Each structure stands twice: as structure tokens, then as C-alpha cells.
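Peer 1: Got a sequence here, can you build the structure:
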Amino acid sequence: MESSLAVPRLPPCDPGIPALSVVDMHTGGEPVRIVLAGCPEVVGATLLAKRRYMRQHLDYVRRRLMFEPRGHRDMYGAVLVPSELPDAHLGVLFLHNEGYSSMCGHAVLALGRFALDFGLVPAPAAGAREARVNIHCPCGLVTAFVECEGSRSRGPVRFHSVPAFVLAADITVDVPGHGQVVVDIAYGGAFYAFVSAEKLGLDVCLAKTRDLVDAASAVTKAAKAQFKINHPDSGDLAFLYGTIITDGKDAYSEEPTTNICVFADDQVDRSPTGSGVTARIALQYHKGLLGLNQTRAFKSSTTGSMFTGKAVREVKCGDFPAVVVEVSGQAHYTGTASFTVEDADPLKDGFLLQ
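Peer 2: This next block holds a predicted model:
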């Protein structure tokens, strides 16, 4: 039987609190909630200034959309803002359960489709098979290339990263419960610690997700305490975002290599992690395990979804040798929503269960 509620309408809400309208997508199983309307103006002369402003003055928007009851511990989001860069089609602030990321590859893959489908970029020339979308992320300008038919997206998306580099290779970290563990720290728009599951006494393909999360979080906490992160361009980028546990198969192969990324507050990426793939390609290139334009496939241990990545050219980031990495994947739309808020609701700003 069809519903008798034929005309969509919002439930009762306080008129002084605008509804938050969103488009939901996922890339390889990892969600991204894109804010269409309802977020107040994010003030700042630069994107990094806007990121600081949102953290200080508008954090309730993040909590309302990422936390329960409207979201969940592993929800991810994107707020679109103007960019100060003349070549950018849009700027974006990334949201997660702990705060604001500097880069998010799975979200960039989704935003490439979104920007084309919602008219945020000029329509491609007649007969073009691909549209270019310049997205200003907190880490810098990232270019997405969207397969298209006219002004509609179709098929996979790929992006070219900011310069990716290795900050430290083969350093020893004392991880409680695991002893002395050798890790690498690399940057792909965000800094990650990389460690093979074997060094933690685990199998990334067979271990329970909870065990992998606990081990990754222990590595992140230990690395933060024992190793200083720095970035040559900005102190805003100088933080360890999380740990990626791998199957240890770093040498070039046509077979996929599997990993799991645990970031922020024990948040688990369902995808192979776009910025993580970027950093891992930079790490493999740095160690001589991968050449330019050699494509590797990366598989998520949680969903089995796949990204591919390759180093496309050498560059510099400060004094660090770096590479621009191309990452490819597929994003899909899952729905739209308008979230309302009642001021008398004691849980209106959300909550997370530990």
C-alpha cells in the first residue's frame, strides 16, 4: 500500500534553526555527507583560516551531522566553501568524528562527480569524455578527472594529489602491548603511520576488525608521543592523522595489496583510503619498490572495495623529494536528507557511544 503522505514536508522544528540539507554518497563503502544548505557562512580569508573558524565557532554543525542520532561514529562529511585560489572550482572542509581533516581522497572522488552533476563546474566541451574539477582541500589544490557524458558524470573518477612524500622510514616506536615496532610515516595530504600486520602479530585479511582497530590506535598514540610531525608548508598540516595496517606486500605486483586505515577517534575507513593510497604510493616509490606510472591496486580489508594508484611525476615539497600520485576509484550516490533541530532537544548536537 502506498503511503498517504504524498507531499514531502519537514517535521516541526524551530524556525530560528535552519534545516541542514545534505547529499549522501559513498566511495568504496566509505560515506561522505555533502552539505547543501543550512550551514552558516564560514569566515576566513584562506581555506585554512576557514577551517580554524569552523572548528572554533561552527563545530555544532559537524557534531549534528556526524554524530548520532543523525550520523554515527564512522560518518564522514564535507562542507563546501569559497576558495581564495583563482584556479579552484570549489573549496572544501572535511568533517569526521574527531574534527577536521587536511585531505580526504574518497571524498574528493565523490566530490568530483557531485561538482559536475550539480553544476559547480563549467559543462565539458561537446564530445569530451572527461571533466576536470579543481578542488581546494586544506592540504592544497587537488584535481579530479570525472568520466562524463555531457554534463552528467559516469564511471570512475581519478585525482592528482598534492606532493606526497616520506617523512621518516623504518623508525622504531615502542607500542604498549606490541613492543618495539618498525613503522614508516608518509604524507599524502595527511600524515599516516604505516605498519605491516605481521609486525603486530595480526593478519590484516583474517583478523577481527576490532583487533586491527585497537592495534592501529596503539601505534598512532605511540607514534604521536615519540615522533615529532612537521610539514614544510604549514603547521596546520603537521599532525598524525592515523595508522594504516597493511599486508606487507609493498613490492610492485599486479595483485592487489590489502590494508585498513584507522584515523581520528578510532574511525575505520571502509574504502582503501584515498589519501592513504597516495602516501603509500609515495612510500613504495621512495623505497624503490615502484616506478613512475606503475599502477598498483589497493583493497580494503573491511569491504573488499578497490582503488588504484600510481606515481605520475617527481616534485618537491620543501626539501623533501616528493611525487604527485594519481588515485582512481568509484563513488556512488545513496540519497538526500534534510535534518531538523529542535532547540529543546537535549541531544540536538549529537553524541557518540564509546
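Peer 1: how about the strands in the stretch 1-150 of the chain?
Peer 2: Counting by DSSP state E, counting those that start in this stretch, the stretch 1-150 of the chain has these strands, from start to end: 20-27, 30-37, 77-81, 90-95, 100-101, 130-137, 140-149.
Peer 1: Kindly compare burial across these and name the winner.
Peer 2: Compared across the strands of the stretch 1-150 of the chain, strand 90-95 shows the largest average neighbour count, a mean of 24 (mean count of other C-beta atoms under 10 Å). Every residue, glycine included, has its C-beta placed from N, CA and C.
Peer 1: CA atoms only for it, dumped as PDB, please.
Peer 2: This file holds the C-alpha atoms of strand 90-95, laid out as PDB (Å, rounded to 0.1, in the frame of the first residue of the first chain):
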ATOM      1  CA  LEU A  90      35.300  24.900  -5.000                       C
ATOM      2  CA  GLY A  91      36.900  24.700  -1.600                       C
ATOM      3  CA  VAL A  92      36.000  22.000   0.900                       C
ATOM      4  CA  LEU A  93      36.300  21.400   4.600                       C
ATOM      5  CA  PHE A  94      36.300  17.700   5.700                       C
ATOM      6  CA  LEU A  95      34.500  16.600   8.800                       C
END
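Peer 1: With mean pLDDT and distance to Asp211 as added columns, please give the strands of the stretch 1-150 of the chain in TSV.
Peer 2: TSV is the format used below for the strands of the stretch 1-150 of the chain (pLDDT from 0 to 100; distance: least, C-beta to C-beta, whole Å):
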stretch	mean pLDDT	distance to Asp211
strand 20-27	98	25
strand 30-37	98	20
strand 77-81	98	28
strand 90-95	98	27
strand 100-101	98	25
strand 130-137	97	32
strand 140-149	96	33
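Peer 1: Of the ones you listed, which is nearest Val341?
Peer 2: When the strands of the stretch 1-150 of the chain are compared by C-beta to C-beta, strand 20-27 sits nearest Val341, at 7.8 Å.
Peer 1: Which residues does the closest one contact?
Peer 2: The contact list for strand 20-27 (C-beta atoms under 8 Å, 6 or more residues apart in numbering) reads 31-39, 61, 64-65, 77, 106-107, 109-110, 113-114, 118, 270-271, 274, 329-339, 341.
Peer 1: Can you add distance to Lys299 and give the strands of the stretch 1-150 of the chain back as CSV?
Peer 2: Output for those, formatted as CSV (distance: least, C-beta to C-beta, whole Å):
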stretch, distance to Lys299
strand 20-27, 14
strand 30-37, 13
strand 77-81, 24
strand 90-95, 23
strand 100-101, 22
strand 130-137, 24
strand 140-149, 22
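Peer 1: roughly how far apart are the residue nearest to Arg152 when sequence neighbours are not counted and Val146?
Peer 2: Leaving aside its sequence neighbours, Arg152 sits nearest to Asp117 (C-beta to C-beta, 6 or more residues apart in numbering; 6.3 Å). Per C-beta to C-beta, to the nearest Å, Asp117 is found 9 Å from Val146.
Peer 1: got any residues that touch both of these two?
Peer 2: With C-beta under 8 Å, 6+ apart, Asp117 and Val146 have common neighbours Ser153.
Peer 1: picking up where we left off before, out of the strands of the stretch 1-150 of the chain, nearest to Ser234?
Peer 2: That would be, of these and by C-beta to C-beta, strand 140-149, which comes in at 9.4 Å.
Peer 1: now the closest one, how far from the centre of its chain.
Peer 2: Relative to the chain's own centre, strand 140-149 is displaced by 15 Å; criterion: C-alpha atoms, centre = their mean, to the nearest Å.
Peer 1: Neighbouring strands of it in the sheet, and parallel or not?
Peer 2: strand 130-137 (antiparallel), strand 152-160 (antiparallel) (DSSP bridges).
Peer 1: and the angle from it to strand 90-95?
Peer 2: 110 degrees (axes from the mean of the first three to the mean of the last three C-alpha atoms, to 10 degrees).
Peer 1: Contacts for strand 140-149, please.
Peer 2: With contact meaning C-beta under 8 Å, 6+ apart, strand 140-149 is reached by 85, 87-88, 103, 108-109, 111-113, 115-116, 124, 128-136, 153-162, 189, 233.
Peer 1: Now the helix or strand harbouring Lys221: average pLDDT?
Peer 2: Lys221 belongs to helix 209-226 when assigned by DSSP states H and E. The average pLDDT within helix 209-226 is 98.
Peer 1: next one: the helix or strand following it to chain centre, how far?
Peer 2: Of the helices and strands lying after helix 209-226 in sequence (DSSP H and E), the nearest is strand 240-246. Chain-centre distance of strand 240-246: 13 Å, with C-alpha atoms, centre = their mean.
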